[in-house]
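**Student:** Just to be clear, the model below is a prediction. Sequence and coordinates:
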Amino acid sequence: MQNANQRYRWIMMAECADEVYLVIARFEQPWLDYISGEDPEDNQPGDSFLHLYLAGPLSVYNHKHVKLFGKFVVTFTKQQLLDIPP
């Protein structure tokens, strides 16, 4: 059984030439209901929007940017592991 207030996050790395970006998407169950074609209740509690956050551009030729990118990846990986239900 899913928690109605469960939040979902996806993290994507995007590359354009010599720059990389991190795109973080955050959403809740009402968004999944919407994109799956289900008719959510009119007064359904929760957030029915997809929120996108962008980090970048980070240059692959700048050692400070590469170090920061590595910290982002490690931090987000740890957070994703903490979000996995036991």
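**Tutor:** Sure thing, it's come through. Numbering: from 1, shown residues only.
**Student:** Against Phe27, how distant is Ile84?
**Tutor:** Distance, Ile84 to Phe27, by C-beta to C-beta, to the nearest Å: 17 Å. Backbone N, C-alpha and C define where each C-beta goes, glycine included.
**Student:** which of these two has more neighbours?
**Tutor:** Using other C-beta atoms under 10 Å, the more surrounded residue of Ile84 and Phe27 is Phe27, with 20 against 6.
**Student:** is it true that that one lies in a helix?
**Tutor:** No - with DSSP: H, G, I helix; E, B strand; the rest coil as the criterion, Phe27 is located in strand rather than a helix.
**Student:** For it, which non-adjacent residue is spatially closest?
**Tutor:** Take Phe27 and drop its neighbours on the chain: the residue closest to it by C-beta to C-beta, 6 or more residues apart in numbering is Leu50, 4.9 Å away.
**Student:** Quick one: neighbours of Ile11, just the number.
**Tutor:** That count, for Ile11 with other C-beta under 10 Å as the rule, works out to 17.
**Student:** how about the helix or strand hosting Ile11: buried residues?
**Tutor:** Counting by DSSP states H and E, the element that carries Ile11 is strand 7-16. Within strand 7-16, the residues that qualify as buried are Ile11, counting by 16 or more other C-beta atoms under 10 Å.
**Student:** and what of stretch 50-57?
**Tutor:** 55-56.
**Student:** Export it to CSV, keeping only CA atoms.
**Tutor:** Taking C-alpha atoms only, stretch 50-57 is exported to CSV below (Å, rounded to 0.1, in the frame of the first residue of the first chain):
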residue,chain,number,x,y,z
LEU,A,50,5.8,18.4,-11.3
HIS,A,51,8.5,20.5,-9.9
LEU,A,52,11.8,20.7,-11.8
TYR,A,53,15.1,22.1,-10.3
LEU,A,54,18.2,22.7,-12.4
ALA,A,55,21.8,22.8,-11.2
GLY,A,56,24.4,23.9,-13.7
PRO,A,57,26.0,24.5,-16.1
